[in-house]
Each structure stands twice: as C-alpha cells, then as structure tokens.
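Sequence first, then the predicted structure:
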Amino acid sequence: MLNAPVKVKADERAVTNLLTSASEAQSEKVLAEKDVNWNEYGLDEPRFSITFVTQDKKLELLFGEYNPAKTSCYLRVEGDPRLFLVADTLKNSLDKSPLDLRDKSVLALAPADVNRIIVAKGDQETELRREAAEKWLMTKPEQFAVKNTLVERALLALTNLTATDIIDNPKADGDPYGLEKPEESISLVGEKREQTLLVGKAVQKQGPPGSEPDRYARVKGQDTVYVIGPRVLKAVTTDPNQLRDRTLLSFKSGDVEKLEVELDGKKWSLVLTKDGKWEMEQPEKKTLADVLPVTTILWDLRQMEWKSLTSPAPADISTLYLDKPRLVLSLFVKGAASPLIMKAGWPPDEKKAPKEEAAGGTPAASRPEKSQPKAGKKAEGKEPAPEEKPTGPETMNVLVEPHDEKGMVFVADGKFVQRLRADLEKLAGK
C-alpha cells in the first residue's frame with residue numbers, strides 16, 4: 001500500500017523493481033573512508049533520500065550532487081562514515097514519484113470475466129455479447145457475428161488501461177472534466193461485476209503536431225478522475241463494417257479430421273489417421289508423403305472471406321448456379337455433430353488457361369497455316385499441346401451450412417478454385 005501522500009493500492013511491479021534495484025546496488029568507488037565534508041558533496045541537505053525498514057533494521061540512502069561528468073552521484077549511507085560514488089542509473093531507479101509507485105489501473109476486470117461490452121456515443125449504442133470462449137456477436141444496433149480478434153484486442157486494452165495521471169481531489173464546481181455528460185461510455189459486464197468507464201473532455205496540453213490529446217475519465221460510482229491516453233479509445237471500434245466477421249468457414253485447422261472435395265466430376269477424400277498422418281482414400285488410397293497441399297487447403301479455407309451477401313437467398317437458387325454446385329467441400333471437425341459444408345456455383349463459361357507448347361515450339365495462334373498438321377495426323381517431332389485447363393471463376397456464389405448468417409448466399413473470390421485445383425493435383429502426384 002502507498003500510505004502517503006495518499007492511501008491507495010501500490011503498483012506491485014513498481015515496488016518490486018525498486019526493491020530489486022536497492023538490494024543489488026553497488027558502488028563504483030569509495031572516495032573517502034572517513035572525515036568527509038558532506039556539505040562539499042551536497043550530502044548535508046541531500047537531493048533525494050530513501051529509507052528501507054525491516055522488523056529489526058533501518059537503512060537510509062542519501063543522494064547528493066552529480067560528479068563533474070554528470071554520470072554518477074555521491075552517496076552516503078546514514079551511520080556510515082564513507083563517501084560512495086554510484087551510477088546515476090541507481091538514483092533514477094530509486095527516485096520515484098507517488099504516481100510512479102501507485103497502482104494506476106483504471107478498471108478491475110479480467111478479459112475472461114467480461115460477457116458483454118456496451119459502448120454509447122451520443123444517441124448510438126453498440127452492444128457486443130460473448131457467445132462462447134472465442135465467439136462474439138453484435139446484438140445492437142444490428143445482429144451478426146463479429147471478428148473475435150478485434151473484440152479481444154479491445155478487451156485487452158480496456159482491462160489493462162492505466163492512467164497517465166490521477167486526480168484524487170477533483171474540482172467539484174461545474175463540469176470541468178466533461179464527466180457529468182460524458183462524450184462516451186464503455187460498460188464491461190460480467191456475471192459478478194460491472195464497470196462503466198465514462199470518457200469526458202480532452203486534456204488541454206501541448207503535444208506534437210497532429211497528436212491526439214489525452215482524455216479525462218472516471219469509473220461510474222467513483223470520485224477519482226483519471227487522465228487516459230487516446231490509444232485505448234482507438235482500440236474500441238464500433239463500426240459494423242470493421243467488426244463484422246466475414247469468415248466463410250469457422251474452424252481450427254488442428255481439429256479437422258477429414259476433408260472431402262467434389263470438383264470437376266471427381267471426389268477427393270482425405271483422412272487424418274490416429275497417429276497424426278494424412279491419408280488419401282479417394283480417388284486412390286495412399287499415405288501422403290507431402291502434406292503441405294492439405295495444410296495449404298485448410299489455411300486457404302480459414303482465411304476465405306465473403307465479399308458480399310444476398311439476403312434473403314432467392315427461392316430459385318439455380319439463378320446463382322447452386323442447384324447443381326460445381327464445388328462441394330465438407331470438413332469433418334472433431335467434436336462436431338455434423339460436417340461443415342460449403343457449396344459453390346459459378347457460370348459455365350469459365351475462363352481457360354492458354355495452351356502450353358513443348359519447349360521450342362511456336363504458339364498455335366501465330367503459326368502459319370501451312371505449318372499446321374493435317375487433321376488425323378501427328379506432327380512429326382512435336383508433342384501435342386496439353387488440353388486447356390479451367391483457371392477458375394472471378395467470383396463464386398457460396399452456401400455454407402451451418403453458418404451464423406443463416407439463409408444467406410455469399411459472394412467470394414473465385415481464385416480459390418484455381419488454387420484448390422493446383423493443390424489437389426499435387427496430392428495426386430502430378
């Protein structure tokens with residue numbers, strides 16, 4: 001506890017650091033063993049002193065002037081006749097203000113204890129609610145899944161918020177801090193505790209050009225006024241476009257036990273064995289020597305986001321090419337009652353990659369007509385050009401079951417199809 005000049009909880013880490021610095025302190029040099037003129041070194045009226053008291057012992061260190069090089073300080077230990085020279089870093093580590101040593105935490109909640117976050121700005125109120133350990137929903141002003149990383153970042157910033165200054169006896173006349181009608185309030189609600197941070201006026205002080213000012217703040221129901229930096233308020237976003245979770249498939253890669261893909265008239269089935277190895281069951285049965293393509297597919301799926309959505313989905317999904325989807329992907333996740341299924345459709349006029357020629361050959365489009373081989377005959381010394389391959393659509397219409405955005409058809413980047421084809425070919429050993 002800090003007992004003076006105000007009685008409040010101390011900063012445990014700051015006090016521990018101070019005690020560590022003191023217990024490990026060493027002198028650079030003993031300048032005199034006795035008969036020291038303390039006045040000559042500024043030690044008759046020391047600049048700074050610190051006293052340590054145990055149950056049966058008392059130790060007082062007195063710091064005087066700096067040496068001519070300003071790199072060290074003269075030090076006296078009360079009751080010791082010697083004059084010491086110590087590094088100025090020792091003085092700096094011990095010379096702490098009451099603000100340095102007091103607990104500057106503003107809110108007393110841990111991130112895991114918070115189930116709801118309510119942010120009010122003017123007439124706008126945004127509410128976020130925890131659905132599971134790593135799942136958050138916006139419930140006001142709209143309802144949809146939000147990005148867990150953004151909410152956790154905001155929670156971490158709020159629960160670790162420390163004041164840059166503390167006003168223990170705030171002015172009572174008028175509303176000098178703008179806290180009677182705060183510009184913003186942030187409520188953290190848990191099962192056992194609720195705290196609301198009221199954010200008031202900007203602190204008028206000189207700062208670098210373009211820098212945002214600190215703000216006055218108070219915890220509802222408490223008198224102490226804090227000065228907080230602008231960074232924490234930036235971490236708490238309420239913009240639905242930024243918060244909305246656009247993830248198509250929500251899963252953890254390590255939880256996937258089976259992956260099935262139906263594409264281009266073929267079915268691929270990949271299974272994770274009990275000893276942690278991936279095996280292919282379809283189109284042929286074999287143990288995979290290289291699992292990188294599987295890892296890449298799962299990574300791609302986890303990172304895939306929708307660009308836009310159709311709500312509600314049309315009654316005739318054939319208009320979106322989803323009555324006979326060209327891609328069906330099923331993820332069997334550990335602990336889930338049913339697989340996570342993604343169906344994708346796109347127009348039949350899919351782009352094709354240009355034909356590749358054998359080394360040294362001439363592209364067919366630029367080849368003179370007389371050099372073209374006659375129908376039914378093979379050009380001597382020439383390998384036939386490979387068949388054109390589809391490159392994948394620009395965009396694709398997607399249905400995902402189950403999904404938080406129920407009954408929605410999503411539009412996603414179709415380049416995933418091209419990457420998926422390439423990874424499946426690698427698995428086949430082509």
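Received it, and whenever you're ready, just let me know what you need.

Now for residue 272: which residues touch it?
Going by C-beta atoms under 8 Å, 6 or more residues apart in numbering, residue 272 touches 256-258, 278-279. Backbone N, C-alpha and C define where each C-beta goes, glycine included.

ok, 7 Å please
Counting by C-beta atoms under 7 Å, 6 or more residues apart in numbering, residue 272 touches 256-258, 278.

repeat for residue 33
Residues near residue 33 by C-beta under 7 Å, 6+ apart: 81-82.

ok, the host helix or strand of residue 50: who's next to it in the sheet?
Here residue 50, judged by DSSP states H and E, is contained in strand 48-53. Here strand 48-53 is paired, per DSSP bridges, with strand 58-66 (antiparallel).

Show me where the stretch 1-150 of the chain has its helices.
Using DSSP state H, counting those that start in this stretch, the helices found in the stretch 1-150 of the chain span residues 12-23, 88-94, 98-101, 148-159.

May I see the buried residues of the helix or strand just after the last one?
Beyond helix 148-159 on the C-terminal side, the first helix or strand identified by DSSP H and E is strand 165-167. Counting neighbours by 16 or more other C-beta atoms under 10 Å, one finds that the buried residues in strand 165-167 are 166-167.

helices or strands up against strand 165-167?
strand 225-228 (3 or more C-beta pairs under 7 Å, 6 or more residues apart in numbering; DSSP states H and E).

what's the strand it packs on in contact with?
Outside of strand 225-228, the residues within contact range by C-beta under 7 Å, 6+ apart are 106, 161, 163-167, 170, 177, 203, 214-218.

Distance check, the closest residue to residue 78 other than its chain neighbours against residue 80.
If the residues on either side of it in the chain are set aside, residue 78 comes closest to residue 60, at 3.9 Å by C-beta to C-beta, 6 or more residues apart in numbering. Residue 60 sits at a distance of 10 Å from residue 80 (criterion: C-beta to C-beta, to the nearest Å).

next one: residue 176
Shown here: residue 176 relative to residue 80, a distance of 50 Å by C-beta to C-beta.

same thing with residue 12?
For residue 12, the distance to residue 80 equals 31 Å [C-beta to C-beta].

So which of the two has more stuff around it?
A direct count of neighbours by other C-beta atoms under 10 Å for residue 12 and residue 80 places residue 80 higher, at 13 against 9.

Can you report phi and psi for the more buried one?
Backbone geometry at residue 80, expressed as degrees, to the nearest 10, gives phi -110, psi 130.

For residue 269, see how far away it is.
Using C-beta to C-beta, residue 80 is found at 81 Å from residue 269.

swap in residue 148?
Separation of residue 148 from residue 269 (C-beta to C-beta): 31 Å.

Next: residue 74.
Distance from residue 74 to residue 269, by C-beta to C-beta: 80 Å.

Settle it for me: which of the two has more neighbours?
Shown here are residue 74 and residue 269; by other C-beta under 10 Å, residue 74 has more neighbours (23 against 16).

Could you tell me how far that one is located from residue 100?
23 Å.

Contacts only, for residue 64.
Per C-beta under 7 Å, 6+ apart, neighbours of residue 64: 41-43, 46-47, 73-74, 76.

could I get the residues you listed as a markdown table with distance to residue 342?
Formatted as a markdown table, those follow (distance: C-beta to C-beta, whole Å):
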| residue | distance to residue 342 |
| --- | --- |
| 41 | 78 |
| 42 | 76 |
| 43 | 77 |
| 46 | 73 |
| 47 | 71 |
| 73 | 69 |
| 74 | 74 |
| 76 | 76 |
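
Who wins on neighbours among the residues you listed?
Neighbour counts for the contacts of residue 64 (other C-beta under 10 Å) peak at residue 73, which has 26 neighbours.

so how far is residue 38 from residue 164?
Distance of residue 164 to residue 38, computed by C-beta to C-beta: 38 Å.

Same check on residue 198?
52 Å.

More neighbours: which of these two?
A count of neighbours by other C-beta under 10 Å puts residue 198 above the other of residue 198 and residue 38, at 24 against 15.

ok, and the closest non-adjacent residue to that one?
Once flanking residues are discounted, residue 198 sits nearest to residue 182: 4.1 Å by C-beta to C-beta, 6+ apart.
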